[in-house]
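Undergrad: Sequence and predicted structure, then a few things I'm wondering about:
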Amino acid sequence: MTSPVHPSFSLTGRVALVTGSTTGLGKSMALALSRAGAKVAMNYYNNTPRAEAAFAEFRAAGGEGMLVRGDVSSETDVPRLVAEIAAHLGPVDILVLNATPDQPHLPVEEYAWSFYQQMLDFFVKSPVLLAQACLPHMKAQRWGRIINIGSEVVALGVPNFTAYVAAKAGQNGFNRSLAREVAKWGITVNMIAPGWIPVERHAGDPQEAKDDYRALIPADRWGLPEDLSGAVVFLASEAASFVTAQNLHVNGGLTVH
């Protein structure tokens, strides 16, 4: 995909992997990275027809890349999918950790530990496995970008949501510590914490809950998937080469400290 991009924001020659990127926010970020010049590996695990339709949409918009199926919480699948990307597009330079499962709201007494474990697998184990698989190349070339997609819920302390909030807080801790560990190799590690941005999986959410949240947004509008585009391209670009260990909230001003 070719478009006028300021050199500081150009990702031409870079390869990006966006996990969980055939729906919602991930699909929007994959397209944004491609518009900045990157080749993008769009990852999914379930629903192959939907994934293929999303990739066809990506290609129709001028995107260059590949569709890669893989469980990003699997110790055997992660090295395989990273190697597959390297064989077809080149080694991963930009890693966007976006994959997420369903997130039911329940009182703490009603969560089974197995659900906490699933949250930890998605938001702590998966980032660790993917970083381990991608870092050797990033270190060798002394350049890399790891972008965690977090959530405002860690700052808000949302009730009846302890499993998701705890796992996202763990991901934020991993983000901060890893950023300091790999900074000397020219690798940045940052987090984007979006607010509640309604996408496909929110179609059945109660309208009352949506209305209550919408009334709290200082910017007086819903966030859109495209609102993450500028943030992810910035953090992936040379313009952000001195920005690391940060947690950028994209929520219209809802989490003001």
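TA: Perfect, I can see it now. Everything quoted here is computed from the prediction, not taken from an experiment. Residues are numbered from 1 along each chain as shown.

Undergrad: all strands for the stretch 51-200 of the chain, in order.
TA: 65-69, 94-97, 144-149, 187-194 (DSSP state E, counting those that start in this stretch).

Undergrad: Of those, which is nearest T12?
TA: Closest approach to T12 among the strands of the stretch 51-200 of the chain (C-beta to C-beta): strand 94-97, 12.2 Å. Just so you know, the C-beta spots here come from the backbone N, C-alpha and C atoms, and that holds for glycine as well.

Undergrad: List the contacts of the closest one.
TA: Applying C-beta atoms under 8 Å, 6 or more residues apart in numbering, the contact partners of strand 94-97 are 11, 14-19, 21, 26, 29, 33, 38, 126-127, 130-131, 134, 144-149, 171, 232, 236.

Undergrad: What residues of that strand count as buried?
TA: For strand 94-97, the neighbour count (16 or more other C-beta atoms under 10 Å) marks 94-97 as buried.

Undergrad: what lines up beside it in the sheet?
TA: strand 15-18 (parallel), strand 144-149 (parallel) (DSSP bridges).

Undergrad: what is the rounded mean pLDDT of it?
TA: Strand 94-97 shows a mean pLDDT of 98 in the predicted model.

Undergrad: Extract the C-alpha trace of it and format it as PDB.
TA: Taking Å, rounded to 0.1, in the frame of the first residue of the first chain, the C-alpha atoms of strand 94-97 are listed here in PDB:
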ATOM      1  CA  ILE A  94       6.800  -4.700  15.000                       C
ATOM      2  CA  LEU A  95       4.800  -6.900  17.400                       C
ATOM      3  CA  VAL A  96       1.300  -5.700  18.400                       C
ATOM      4  CA  LEU A  97      -0.100  -7.800  21.200                       C
END
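
Undergrad: Go ahead and measure how far that strand is from the middle of the chain.
TA: 6 Å (C-alpha atoms, centre = their mean, to the nearest Å).

Undergrad: Ok, stretch 59-69 next?
TA: The answer for stretch 59-69 is 17 Å, by C-alpha atoms, centre = their mean.

Undergrad: start at 59 instead
TA: Got it, the first residue is 59 from now on, which makes the last one we talked about stretch 117-127.

Undergrad: what's the span of that stretch from first residue to last?
TA: End-to-end distance of stretch 117-127: 17 Å, with C-alpha to C-alpha, to the nearest Å as the criterion.

Undergrad: Residues contacting that stretch, please?
TA: Residues contacting stretch 117-127 (C-beta under 8 Å, 6+ apart): 59-60, 74-75, 80, 88-89, 92-93, 97-103, 106, 109-110, 113, 116, 139, 142-143, 146-147.

Undergrad: cool, and stretch 267-285?
TA: Contacts for stretch 267-285 (C-beta under 8 Å, 6+ apart): 82-83, 85-87, 90, 252-257, 260, 308-312, 314.

Undergrad: same thing but 7 Å
TA: With C-beta atoms under 7 Å, 6 or more residues apart in numbering as the test, stretch 267-285 has contacts from 82-83, 86, 252-257, 308-312.

Undergrad: just the CA coordinates of it, formatted as PDB?
TA: Only the C-alpha atoms of stretch 267-285 are listed here, as PDB (Å, rounded to 0.1, in the frame of the first residue of the first chain):
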ATOM      1  CA  ALA A 267     -24.400   0.000  30.200                       C
ATOM      2  CA  LYS A 268     -23.400   1.600  26.900                       C
ATOM      3  CA  ASP A 269     -25.400   4.800  27.700                       C
ATOM      4  CA  ASP A 270     -23.900   5.000  31.200                       C
ATOM      5  CA  TYR A 271     -20.300   4.700  29.900                       C
ATOM      6  CA  ARG A 272     -20.900   7.100  27.000                       C
ATOM      7  CA  ALA A 273     -22.100   9.800  29.400                       C
ATOM      8  CA  LEU A 274     -18.700   9.700  31.200                       C
ATOM      9  CA  ILE A 275     -16.500  10.400  28.200                       C
ATOM     10  CA  PRO A 276     -15.200  14.000  28.300                       C
ATOM     11  CA  ALA A 277     -14.700  14.100  24.600                       C
ATOM     12  CA  ASP A 278     -18.500  13.700  24.200                       C
ATOM     13  CA  ARG A 279     -18.400  10.900  21.600                       C
ATOM     14  CA  TRP A 280     -17.800   7.200  21.300                       C
ATOM     15  CA  GLY A 281     -14.300   6.100  20.500                       C
ATOM     16  CA  LEU A 282     -13.800   4.400  17.100                       C
ATOM     17  CA  PRO A 283     -11.400   1.700  16.100                       C
ATOM     18  CA  GLU A 284      -9.700   4.200  13.800                       C
ATOM     19  CA  ASP A 285      -8.800   6.300  16.900                       C
END
